[in-house]
Structures are given as structure tokens and as C-alpha cells.
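Enquirer: I need the structure of the sequence given here:
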Amino acid sequence: MRAKIIVVADADHAAAKSLESLLGNEGYRVVVARDGDEALARARETHADLVVLEILLPDKNGYQVCRALKADAATQTVPVLFLSAKAQPSDRFWAKRVGGDGFVAKPFDPAALLREIAGLLQQTEGARM
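Expert: Okay, the predicted model is just below:
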């Protein structure tokens, strides 16, 4: 069975490396993107199983990236988890509105994040059966 591919889009290098390490230690294959355009490209080319998006990205924001992922036939079923320091009720509203499947606020509890990711991946697997 192949490792699940998770695209992590975060402009903060330290945050991206931390996530890469955390998720990699859990057996996921992690592909890091530094901006929205790169996140879109990586999600398509790797056939990502999940995308973790920061709202604050340098070119397209996370909302724009999520909307584009959900509008593309190749990625529309890929779950999108927002992981952001921008976590006001309005941020959570817009994340859901553009098609986000989950939201975790930074700073985050690693165990809670891993549970959220596992739950989203399990939902996706169930939908494919």
C-alpha cells in the first residue's frame, strides 16, 4: 500500500519543516509548497490525498487555492485542511465557504492535528468504496 501524499502549503519555512517532520514520522509522504501556485501544481502532479493550507500565502491566499482545487476535476475530491494562525470565526467561515474540509488553528496540538488528518483521509477512503 502506498504512503498517503500530503501537500503542505506554508510560506513559513520553519512551520513547513516542522509539519514535514511530524507527518513524515507518521508514514505520510509530504510535499512542501511555498505559495499558492506551487500548492496547486503539487496537488495535481502528485495526485495528493490531502492538502494542508495556510491562509496566508504570498501569491494566492489559502481561500483562493482551496477554491481552485475544488473547481478542478483532478483535485475536487481531495480534502483540504486549513492550518492557520488566522483563526477568527470569520476565517473559519470563509475556509468552509470555499470548500475546506477542516480547520486547525496554530499553534496546534500535534496529536489533534494527526487525528484530524486521519479522519479526513478515512472519510475520503470511505467515499471511494
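
Enquirer: state the mean pLDDT of stretch 61-73.
Expert: Stretch 61-73 carries an average pLDDT of 98.

Enquirer: what's the mean pLDDT across stretch 18-29?
Expert: Computed over stretch 18-29, the mean pLDDT rounds to 97.

Enquirer: can you check stretch 40-55 too?
Expert: For stretch 40-55, the mean per-residue pLDDT is 97.

Enquirer: which parts of that stretch are buried?
Expert: 40, 42-43, 48-55 (16 or more other Cβ atoms under 10 Å). (C-beta placed from N, C-alpha, C; glycine too.)

Enquirer: one more: stretch 21-39?
Expert: Buried residues in stretch 21-39 (16+ other Cβ under 10 Å): 22-23, 28, 30-39.

Enquirer: what secondary structure does the most centrally placed residue in the chain sit in?
Expert: Centroid check for the chain by Cα atoms, centre = their mean gives Val52 as the closest residue, at 1.4 Å. Put simply, Val52 is strand when judged by DSSP: H, G, I helix; E, B strand; the rest coil.

Enquirer: now the one 4 residues further on
Expert: Reducing the assignment at Leu56 to three states with three-state DSSP gives coil.

Enquirer: roughly how far apart are Ala111 and Ala118?
Expert: Distance from Ala111 to Ala118, counting by Cβ to Cβ, to the nearest Å: 11 Å.

Enquirer: same drill for those two, tell me which one is more crowded.
Expert: The residue with more neighbours, out of Ala111 and Ala118, is Ala118; 14 against 8, by other Cβ atoms under 10 Å.

Enquirer: what residues of the helix or strand that contains that one count as buried?
Expert: Using DSSP states H and E, Ala118 sits within helix 110-128. Neighbour-count burial for helix 110-128 flags 113-114, 116-117, 120-121, 124 (criterion: 16+ other Cβ under 10 Å).
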